[in-house]
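S.K.: Show me the folded form of this:
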Amino acid sequence: MNRHQRRASKAQGIVKQLDPVIAIHEAGHAVARVLSAEDFGLPAEKMISYIEVGTAENLGKSHFDKSVTLTSQAVTYGPMLSAELQATFSRVTKDVEPNKLTNEHMIDAVQLAKDEGVDITRWLRARMLISTLASAAEARHTGRLTDDVWNSTESEGDMKGAVEDGIYAGLPTEQISVYINEALDQSEILMRQANVQRAVHALAEALPNSGKLNGQRAVFIITRALTAVD
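M.R.: Residues are numbered from 1 along each chain as shown. So this is what the prediction gives:
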């Protein structure tokens, strides 16, 4: 049974335990969020709202607050925008009903922030890291190449999210690819570090088979592993 089949089985309630590969993958997203806190202008405790396991949720469309896979058994929820960008987005959309928000509102907000002198590159690189570190974590765990995991069906949603972030930033396709490749390289470098490996595995082991893991608990587990002395 391959990973895709295991996902389908879980969605039907056949498999009770969270697949360790899925756990490692989602832990990669979460660890990247903590590592990106400074670039978001937020404390680490604000980077993860919660991690939901066992949703089998179809995440094919854009979502503003989560790292996504197309059919996910685990989803990490947290802020999509840096503190500066969120402030601009709130101004742009203050008179818009939440159910009427569109990708165009996001594009307009990011463009306005750029016009006002906000360096969105730092945010974009952080977002790309959040998308790609999961593939690097899974690759290290399974012995595959990071590029192979990134280009696999299981990571299609992560790639889609990274491309959308590039579009929000107003970048052409070829430039988005450059940012993604830089993030993949950075993710591989990070996953060679013992403390990052430790954080990914510690969180993966702490994920429930189903239900939610509180964001503050997740951040505590990650931070403790990152700062532990070898």
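S.K.: Same question for the top helix by length along the chain: list its buried residues.
M.R.: If you go by DSSP state H, the chain has its longest helix at helix 120-142. Buried positions in helix 120-142, judged by neighbour count with 16 or more other C-beta atoms under 10 Å: 120, 122-141. (Each C-beta comes from the backbone N, C-alpha and C, glycine too.)
S.K.: Against which helices or strands is that helix packed?
M.R.: If you count contacts as 3 or more C-beta pairs under 8 Å, 6 or more residues apart in numbering; DSSP states H and E, helix 120-142 packs onto helix 20-35, helix 37-40, strand 66-67, helix 83-92, helix 103-115, helix 146-150, helix 156-168, helix 173-190.
S.K.: In this protein, where is pLDDT below threshold?
M.R.: Along the chain, the model assigns pLDDT under 70 to residues 1-16, 55-72.
S.K.: now the residue sitting furthest away from the middle of it, what's its secondary structure?
M.R.: What lies farthest from the middle of the chain is Asp95; by C-alpha atoms, centre = their mean that is 28.7 Å. Assigned by DSSP: H, G, I helix; E, B strand; the rest coil, the conformation of Asp95 is coil.
S.K.: mind checking the backbone torsions on it?
M.R.: phi -110, psi 10 (degrees, to the nearest 10).
S.K.: separation between it and Ala204?
M.R.: 43 Å (C-beta to C-beta, to the nearest Å).
S.K.: and what of Tyr168?
M.R.: Counting by C-beta to C-beta, the gap from Tyr168 to Ala204 is 29 Å.
S.K.: Quick one: list the elements packing against the helix or strand hosting Thr76.
M.R.: Element membership for Thr76, per DSSP states H and E: strand 71-77. Under the contact definition 3+ C-beta pairs under 8 Å, 6+ apart, strand 71-77 sits against helix 3-11, helix 20-35, strand 50-58, strand 66-67.
S.K.: Run me through the strand neighbours of it, direction for each.
M.R.: Counting by DSSP bridges, the strands paired with strand 71-77 are strand 50-58 (antiparallel), strand 66-67 (antiparallel).
S.K.: and that strand with helix 20-35, angle?
M.R.: Relative orientation of strand 71-77 and helix 20-35, computed by axes from the mean of the first three to the mean of the last three C-alpha atoms, to 10 degrees: 20 degrees.
S.K.: Restricting to C-alpha, output strand 71-77 in CSV.
M.R.: Provided in CSV are the C-alpha atoms of strand 71-77 (Å, rounded to 0.1, in the frame of the first residue of the first chain):
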residue,chain,number,x,y,z
THR,A,71,-6.3,15.7,0.3
SER,A,72,-4.7,16.1,3.7
GLN,A,73,-4.7,13.9,6.8
ALA,A,74,-3.0,16.7,8.7
VAL,A,75,-3.3,20.5,8.4
THR,A,76,-1.3,23.2,10.2
TYR,A,77,-3.3,26.4,10.7
